[in-house]
Every structure is written in C-alpha cells, then in structure tokens.
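Visitor: I would like to see how this sequence folds:
(chains A and B)
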Amino acid sequence: MSAPARSQLQDIGLSATCAEVLHHLWDYLDEQITPSSAERLRAHIATCTTCRGYEEYQECFLQAVAGLRQELGAPESLRQRLAERLKGQGCGCWDKVRGK
Amino acid sequence: MPINQDFEAQVTDVTADVGQVARSASDAGKDAAFERDALPWLDDVYRFALSLTREESDADDVVQETFLRAYRSWHTFIPGTDCRRWLFTICRNVFLRSRERQRPTVDLEDGEQDAVAAGSVYAAAREKGYDDLYATLDLAPALREALDELAEPFRSAVILVDVEDLSYESAAEVMGVPIGTVRSRLFRGRRLLQEKLVTVAEDLGFHTTGQFGAR
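Guide: Predicted coordinates:
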C-alpha cells in the first residue's frame, strides 16, 4: 500500500494492520488473494472488532447487490417477438422461446 | 432425353436429396443445441441488457439482436464452454454498437484508491450511525437506481460480477478488457454505489447512534 493511502487510513483511526485489511477486503471477499494471505486476514478479522464490522458491512452490501438478480426475467412480449424473428431465420426451436 | 443426360439428372437429384437430408440433420442438431445451451439464458441476457440500456424497449431490441446473432453464428460457439458468457459478450457488443460509440475506456487503476475511499465512506457512515444500513433498510430500489446512474463500464463490472456472479476472468472476456481493469472498474463501481447509498440513508433520515471503532 502506498504511504499516502496508509496515512489516509490511519487518519480515520485505523491501525496499520487494519489499514491492510481494509485495503484488501474486497479482494479477500472475492477470493482473489492467495490462501495464505486470506488466512492472515481471516485471523486478524477474527480478533478485531473494527475490521469485523467493516467485513460485515461489505458483506451486507454485496448481498444487497446480488439480491438485485431476483426474478427479473424477459417479459412475454419480448419472448413473442424473439420467437417470431427466430422463426423467420429458420430456427426450428423458435416455439421454445415463448412461455417459461 | 438422352440416356446419359437422364442418368446425370438422376444422380444430380440423388445428390441434392442427400445434401438436403444432411443439411436438415445439421439444422436439427444446431436447433437442439441452441435450445439446450442458449435459450435457458434468455432471462439473464435480458437482465444484463436492461442494466446496460436502462430502458425496457431498448433492452428488448438488444436481446432480440443478441439471440439472432447467436443463432446465425452458432457455428462459432464452442460446445462445452460457457454459453451465458458468450451471450453476454454478444449482448454487450450489440449494445455498444447500437449506441454508435467507441468502446469506453477507463484509466487503468490498481483499485487501491477506491478500496481506500470505500473505507473512508464506511468510516463516515459509522460516525453517523449508518454502518448497518444495508442490514436494516431495504435499499433495493435505491440500489437499483444508483446502479442505473453509474457510467457504463462500472455498471457492467458490478452487474457481471456482483449480480450475475461471473468470475473476474469471465467478466474480463465479456468486457474485452484485462482482469485488472475489471477489478478497478468493479471497485470504483462499488465505491460509487456505497457513496450514493449513504446519501440516500441521510435523505431518509436513517440514523442510529454509533461511533467509528466503538462497535
């Protein structure tokens, strides 16, 4: 981490270790860091209320974003139009597009 | 008709019939594969198209064009690979072309700035008592609105990775950029969303007591 970034994080009350956790938390949650690094972060988070709070905060955020997936599907009107156009292309399974 | 000519005509007919049968079998196989591998992803492609266009009518057009192109180009799809990722790639290209603009470019960053900024957002939120707003409030409408307001490269990264659950690698293929760029765009998108949501929480008057570091 760059010195300015570390300084910025320490200014808001984070220790150097907490700053490292914050810096890499998204990589950690996305499983983009090495297992050994993940284990190091996990060990720190387990003993640090500040970092645990931040982890929970980010996990809740990511769950909220993932929740947007819900059941938003292609509307029937779109399915009808697509089916007709695929039929026009000679697609033999065009009738499978309509209805779910 | 001379005998030789008649014979040639018959051979030609037989050849044509064999060709027709072969072509029909090929088409049937193509249709079966298209139905099995591509059509199940219609809802997913629609969701992705809607996140790109932000308009249902535009999303309809993009989805139709995506599946028509996929059908016409089915021979280029490699069986056994991720068809959803392939369709997303076509979908995004159709969208970008429909907007008649160049593929957006975003400065390549390492994501540090956004990760750090997200920490600052959290610190500020915690000081104001907003640190559990995601667990307390149903922010889905505000989140969707905030997502719609993101610039396209950041929106695509968030949609592909956080909503559609693609890996960084798959998202990079869909977006046609290096994995590091996906990461930087994703982090920027997440940070911007969190900033917007804290603003929404403030506007809603959401407040509990809490101090940073005193949880």
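Visitor: what's the closest non-adjacent residue to the most centrally placed residue in chain A?
Guide: With distances taken as C-alpha atoms, centre = their mean, the residue of chain A nearest its centroid is A:Leu62 (5.0 Å). Of all residues not flanking A:Leu62 in the chain, B:Asp162 sits nearest, at 6.1 Å (C-beta to C-beta, 6 or more residues apart in numbering or on different chains). No exception for glycine: its C-beta is placed from N, CA and C like everyone else's.
Visitor: number of nearby residues for the one you found?
Guide: Burial of B:Asp162 is recorded as 24 neighbouring residues (other C-beta atoms under 10 Å in any protein chain shown).
Visitor: relative to B:Arg190, how far out is it?
Guide: With distances taken as C-beta to C-beta, to the nearest Å, B:Asp162 is found 7 Å from B:Arg190.
Visitor: give me the common contacts of the two.
Guide: The overlap between the contact sets of B:Asp162 and B:Arg190 (C-beta atoms under 8 Å, 6 or more residues apart in numbering or on different chains) consists of A:Val65.
Visitor: now do the helices in the chain.
Guide: Answering for chain A, as no chain was given. Assigned by DSSP state H, chain A shows helices spanning A:3-11, A:16-29, A:35-47, A:49-66, A:76-88.
Visitor: other chain: chain B
Guide: B:3-33, B:42-53, B:56-72, B:83-98, B:112-127, B:133-136, B:140-149, B:152-158, B:168-175, B:179-204.
Visitor: what would those look like in a markdown table with mean neighbour count and mean pLDDT?
Guide: Converted to a markdown table, those look like this (neighbours: other C-beta atoms under 10 Å in any protein chain shown; pLDDT from 0 to 100):
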| stretch | mean neighbour count | mean pLDDT |
| --- | --- | --- |
| helix B:3-33 | 11 | 58 |
| helix B:42-53 | 22 | 91 |
| helix B:56-72 | 20 | 93 |
| helix B:83-98 | 20 | 92 |
| helix B:112-127 | 21 | 75 |
| helix B:133-136 | 19 | 68 |
| helix B:140-149 | 16 | 86 |
| helix B:152-158 | 24 | 92 |
| helix B:168-175 | 20 | 93 |
| helix B:179-204 | 21 | 88 |
